[in-house]
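Visitor: give me coordinates for this.
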Amino acid sequence: MNQNHTNNQKFIAVMMSAVIVFVLLFSSLYILKEADHHCTGNDCAVCACIQQCENNIRLLSCGTAAKPLYNLFTIFIIFILSFSTFNLSKTTPVTQKVRLDN
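Guide: Numbering: from 1, shown residues only. Have a look, this model is predicted:
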């Protein structure tokens with residue numbers, strides 16, 4: 001019974017950690033995506049969402065000890081997003097739709 005209880009606690013801890021990472025990741029991605037949106041004024045829904053995402057990040061961060069890790073995480077996400085826009089496929093006769101009659 002004690003072993004089962006310990007396994008349940010470990011599972012819950014892993015799931016909670018995954019949720020926190022998920023919220024931090026997608027809050028950061030939303031802020032990056034909507035950083036240069038066209039603001040409509042005081043009642044801008046996008047600005048309200050950005051503020052909520054910033055509050056989530058501040059709330060879930062572990063204070064000053066996590067800031068270097070969070071900065072590294074943000075730089076990593078920006079790095080990944082910058083390379084995701086490039087087409088890294090190789091040029092082949094099939095992709096160019098070249099007919100090879102020999």
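Visitor: give me the distance from the one helix or strand residue 11 maps to to the chain's centre.
Guide: Assessed by DSSP states H and E, residue 11 sits inside helix 2-33. On the basis of C-alpha atoms, centre = their mean, to the nearest Å, helix 2-33 sits 14 Å off its chain's mean C-alpha point.
Visitor: buried residues in it?
Guide: Within helix 2-33, the residues that count as buried by 16 or more other C-beta atoms under 10 Å are 24, 27-28, 30-31. C-beta here means a position set from N, CA and C on the backbone, and glycine is covered the same way.
Visitor: now render these as JSON lines, adding pLDDT and distance to residue 74.
Guide: Listed next are these as JSON lines, based on pLDDT from 0 to 100; distance: C-beta to C-beta, whole Å:
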{"residue": "24", "pLDDT": "80", "distance to residue 74": "10"}
{"residue": "27", "pLDDT": "83", "distance to residue 74": "11"}
{"residue": "28", "pLDDT": "83", "distance to residue 74": "6"}
{"residue": "30", "pLDDT": "84", "distance to residue 74": "13"}
{"residue": "31", "pLDDT": "82", "distance to residue 74": "9"}
